[in-house]
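[1] sequence first, predicted coordinates after that:
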Amino acid sequence: MPEQLNLTVSLRGTRDVQENYQLFRLTGLLDAFSEGKFRKEMSKCIDNGPKHIVLDLSQIDFVDSSGLGALVQLVKKAQTNGGTLQIVSNPRVTQTVKLVRLEKFLSLQPSVQVAVENVKDG
């Protein structure tokens, strides 16, 4: 059963640990206010493993440049640990990511199912 993540009032989420990946489902705002706590919690989870991360942002309402910065740092951290980080997006998140040309680097996926299949292949 997924555990609740202790994030902020404006950003909530759950963590579901599987055999070879972790699935995070987030709702709310990934912005300057929530980014610090989000990054700290996610870093801890990446360190604890498993090393492959699926980040479901399909229910996120808003991402700003601080949130994007945190995502970039988490991708680098996952890669340093020998893992991957894939992001399940929605049109709003995708538009923001494409504005700064990070869609390839952030491994945007259309659904959790596709992201999980990519983990199994990788």
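    Structure's in. What do you need?

[2] ranges for the strands of the chain?
    3-5, 11-17, 21-30, 52-63, 85-88, 108-109 (DSSP state E).

[3] rounded mean pLDDT for the longest helix along the chain, please.
    Secondary structure of the chain read by DSSP state H shows that its longest helix is helix 65-80. If you average the pLDDT over helix 65-80, you get 96.

[4] for that helix, the distance to its chain's centre please.
    9 Å (Cα atoms, centre = their mean, to the nearest Å).

[5] one more: stretch 30-38?
    Using Cα atoms, centre = their mean, the offset of stretch 30-38 from its chain centre is 12 Å.

[6] ok, now stretch 18-26?
    Counting by Cα atoms, centre = their mean, stretch 18-26 comes out at 10 Å from the chain centroid.

[7] now do that stretch: everything it contacts.
    2, 5, 7, 11-17, 38, 42, 45-46, 49-50, 52-57, 59-60, 112, 116, 119-120 (Cβ atoms under 8 Å, 6 or more residues apart in numbering). No exception for glycine: its C-beta is placed from N, CA and C like everyone else's.

[8] report the buried members of those residues.
    Buried by 16 or more other Cβ atoms under 10 Å: 5, 7, 11-13, 15, 38, 42, 45-46, 50, 52-57, 60, 112, 116, 119, out of the contacts of stretch 18-26.

[9] so what's residue 81 up against?
    When contacts are taken as Cβ under 8 Å, 6+ apart, residue 81 is in contact with 46-47, 49, 51.
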